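Student: I would like to see how this sequence folds:
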Amino acid sequence: MPSELLADRFALERVLGEGGYGVVYSARNVATGQRVAVKVLHPRHVAADDRELARRFEREAERASGLRHPNTVRVFDHGRTDDGARFIVMELLEGEDLGQRLLRAGALPESEAVAVLGCVLRALAEAHEAGLVHRDIKPDNIFLARVGLDADIVKVLDFGLAKLTHGGVSALTQTGVIVGTPAYLSPEQCYGQEVDRRSDLYALGCVAYHMLAGQPPFVAEDTIGYLLQHSQIAPRDVRLAAGPDAAISDGLARWVHRLLKKRPEARFRSAAEALEALEQATRAAAPSWAGPTPTEAAYVPAGMVAVQPPRARRRWPWLAALGGAAGAAALWAATATAPRPVAAVEGAAVSRLGALPPG
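Tutor: Purely as a prediction, here's the structure:
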């Protein structure tokens, strides 16, 4: 497609990247000369006439175009070509995403991690007020842009999986469909439950942990391993995971583990509240903190039972229910390897009934 003229006004130049839903090109507006990034819905979805995905794509453009915070990627235009391809025109960024930075540098200094977290929270606060939940906060969706002499201007990318929370349940994100990346999924996402802004905060807690410790709070060789750990296992103290040379403050460690609470109601209520708490935790010496409670109750939504690990060592795309003893879950932690992103998985895993555990 590069060298083509899209919608009679955008000359596509080269492919910048490709994800589960679309291809991103660098392009030039032939009328103004402005260089932009253009995201085009993947041809296989157009060929399959996936109306649900097309509606999701168009909704991303409409809602994201209203976001104005400098830490959110700007959306300039969107539309549909004569042959049915849907596209979004965004600001063109130069730099690297946080995932690339972490691959190169490992853990980040506390001051750098806190600066990134503050920017992401400011972007999320605006989006949440607009009724958008990102649903896929992860290092790859946090871009560290270079503009002139300024470096590391944080931009939150890809509200393509966002859920419009105003007006009730959207048909595009029905219960039973799990959307996100396993290493950064909230416990409620693991069950394919309806999510709200607190799911984004949990995911950001996973990102914060990754920045400070050099790895996410949980790693596993399969998706089911992530589901078990996110829903049932308390993460290791981020200060211990980072090692003795990291010098993570008690206040920041406590803040990170507040985001990683299994139950949504135990986390901060909003990005704005989390930002205020982050500033307080890092502004002055915080009281000492013993660390997370290893026996924190597992998260199991009302009307469901916990995920069970497979009896045999083999890859299971999904299970019909989540649960299992701590020893079984620990087995997954012991056999962990590097996390692998998954754009979206449909869960047959949400059909059985059960009750919430105490605590």
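Student: sec struct for Leu275, please.
Tutor: Applying DSSP: H, G, I helix; E, B strand; the rest coil to Leu275 yields a three-state assignment of helix.
Student: go on, the one 4 residues further on?
Tutor: In three-state terms, and counting by three-state DSSP, Glu279 is helix.
Student: tell me the contacts of it?
Tutor: Residues counted as contacts of Glu279 (C-beta atoms under 8 Å, 6 or more residues apart in numbering) are Gly118. Every C-beta, even on glycine, is put in place using the N, C-alpha and C of the backbone.
Student: from Arg122, how far off is it?
Tutor: Taking C-beta to C-beta, to the nearest Å as the measure, Glu279 and Arg122 are separated by 11 Å.
Student: what do you get for Asp140?
Tutor: Distance, Asp140 to Arg122, by C-beta to C-beta: 20 Å.
Student: list the contacts for Ala281?
Tutor: Ser249, Gly251, Leu252, Arg254, Trp255.
Student: can we see that at 6 Å?
Tutor: Ala281 makes contact with Gly251, Leu252, Trp255, according to C-beta atoms under 6 Å, 6 or more residues apart in numbering.
Student: then Ser26?
Tutor: Per C-beta under 6 Å, 6+ apart, neighbours of Ser26: Glu13, Arg14, Leu16.
Student: for the second one, give its distance to Ala107.
Tutor: Right, Arg14. From Arg14 across to Ala107, the span is 33 Å (C-beta to C-beta).
Student: more crowded one of these two?
Tutor: Using other C-beta atoms under 10 Å, the more surrounded residue of Arg14 and Ala107 is Ala107, with 21 against 10.
Student: returning to that earlier point: just the ones of the contacts of Ala281 in helices?
Tutor: Where the contacts of Ala281 overlap with helices, as defined by DSSP state H, the overlap consists of Gly251, Leu252, Trp255.
Student: tell me the secondary structure at the nearest residue to Pro187 once chain neighbours are set aside.
Tutor: Sequence neighbours aside, Tyr299 is the residue nearest to Pro187 in space, at 3.8 Å (criterion: C-beta to C-beta, 6 or more residues apart in numbering). Of the three states, Tyr299 takes coil according to three-state DSSP.
Student: how many residues are close by Tyr299?
Tutor: By other C-beta under 10 Å, the residues close to Tyr299 number 23.
Student: ramachandran angles for it?
Tutor: Note on Tyr299: backbone dihedrals following degrees, to the nearest 10 are phi -100, psi 120.
Student: doesn't Lys262 make contact with it?
Tutor: Yes: contact criterion C-beta atoms under 6 Å: Tyr299 and Lys262 qualify, at 3.8 Å.
Student: now for these two: what residues contact both?
Tutor: Overlap between the contact sets of Tyr299 and Lys262, as judged by C-beta under 6 Å, 6+ apart, is given by Pro187.
Student: for Tyr209, pull up the helix or strand it's in.
Tutor: Secondary structure assignment for Tyr209, by DSSP states H and E: helix 197-213.
Student: flag every buried residue along that helix.
Tutor: Residues of helix 197-213 classed as buried by neighbour count (16 or more other C-beta atoms under 10 Å): 197-213.
Student: and the contacts of that helix?
Tutor: Residues outside helix 197-213 that contact it (C-beta under 6 Å, 6+ apart) are 107-108, 113, 117, 124, 128, 133-134, 137, 139, 184, 186, 189, 216-217, 238, 241-242, 248, 256, 259-260, 264, 267-268, 274.
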